[in-house]
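Below is the sequence, then the predicted model.
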Amino acid sequence: MKRQHGYTLIEMLFVIGFCLLLLLLTSFIFTTSTRLIKAQHTVIPELKQVDAMVEQLREDVWKAKTVTVVSERELQLATGDGLTRWSLDDAGLQWVRKQSDRQRYFPTNMVQMNFQVAPAGVTAVIANQQSRDPVTMRLLSAPMLKEVQHDR
């Protein structure tokens, strides 16, 4: 009796199915990675703008002699140079930093920020559309910090 060597139809279908599964997984990984690479180019400049806004806000509050929360969307800071005001514009599209006659605008498409009065300063609650949990940041001026340390 002569024995035949070869593959059965079931074995061939199994190998072809396995190859198709690998091809689908590879294409899914490729499309996801290209989508993330494209998104990276738009998100990084926006994150830099948010970082610049938070850094400027920290610097302004630190230099302030008095800090007044006018509303949850407006903060007023009195410095030796005059009055600095952080507020959300009327359209709700950007944060405006007004210092005497100079203004600087920060877009709000990435973040939403609210101000709240805290016992030892001002609390800025920062949230964005992607994250579920907002970031809470305590802002203190140099005089406020001295008062807090003096009270202890």
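That came through fine.

what's residue 72 in contact with, if anything?
114, 115, 116 (C-beta atoms under 8 Å, 6 or more residues apart in numbering). All C-beta spots, glycine's among them, are computed from the backbone N, C-alpha and C.

Look at residue 97 and tell me its secondary structure.
What DSSP: H, G, I helix; E, B strand; the rest coil gives for residue 97 is strand.

Dihedrals phi and psi, the nearest residue to it once chain neighbours are set aside?
Residue nearest to residue 97 in three dimensions, not counting chain neighbours: residue 104, with 4.5 Å by C-beta to C-beta, 6 or more residues apart in numbering. The phi and psi values for residue 104, taken as degrees, to the nearest 10, are phi -130, psi 140.

Would you agree residue 104 is in contact with residue 57?
No - counting by C-beta atoms under 8 Å, residue 104 stays clear of residue 57, with 11.0 Å between them.

Overlap of the contact sets of the two?
residue 97.

More neighbours: which of those two?
residue 57 (24 against 14; other C-beta atoms under 10 Å).
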